[in-house]
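>>> Predicted model and sequence below, questions to follow.
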Amino acid sequence: MDNFLFILAQAEGARSSGWMQFMPFILLMVGFWFLLIQPQRKKQKEHQKMLSELTTGDKIVTSGGVCGVITHVKKDRYQVKVDDNTRIDVLKGSVQSRDTAE
């Protein structure tokens, strides 16, 4: 009987040490989550919120560096006035930020 309990205790110890071998990997993944993934998701949500709040008359800057004023909001794009007689269609995803410079 004592021999059986000894074997059982060894098997239980082997399972717990196997679990402990993965602990550094798990802690590393949790660290990556809080240092890299979570801030990026927060930034993406803020960008989506900014895109949904843009309206006609807002000044924007695209990821390509084009500055202009929104003249018309469409389903998946904005019509942007970049010069007196020039209007272009810009995809909503390519808008980088609002232009706060005067």
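Now that the structure is in, tell me what you want to look at.
>>> and the gap between the residue nearest the centre of the chain and residue 34?
Relative to the mean C-alpha position of the chain, the nearest C-alpha, by Cα atoms, centre = their mean, is the one of residue 41, at 3.0 Å. According to Cβ to Cβ, to the nearest Å, residue 41 stands 11 Å off from residue 34. Where C-beta positions appear, they are placed from N, C-alpha and C, glycine not excepted.
>>> quick one: low-confidence ranges for this structure?
Low-confidence segments of the chain, defined by pLDDT under 70: 1-18, 102.
>>> domain ranges for it?
Domain assignment of the chain by automatic domain parsing yields the ranges 1-53, 55-102.
>>> all helices in the protein, in order from the N-terminus.
For the chain, helices defined by DSSP state H occupy the ranges 2-32, 38-53.
>>> Let me see the contact set for residue 78.
Residues in contact with residue 78 (Cβ atoms under 8 Å, 6 or more residues apart in numbering) are 54, 60, 70, 72, 89-90, 92, 95.
>>> which of the domains of the chain is buried the deepest?
A comparison of the domains of the chain by mean neighbour count, using mean count of other Cβ atoms under 10 Å, puts domain 55-102 on top with a mean of 13.
>>> so how far is residue 96 from residue 58?
From residue 58 to residue 96 the distance is 13 Å (Cβ to Cβ).
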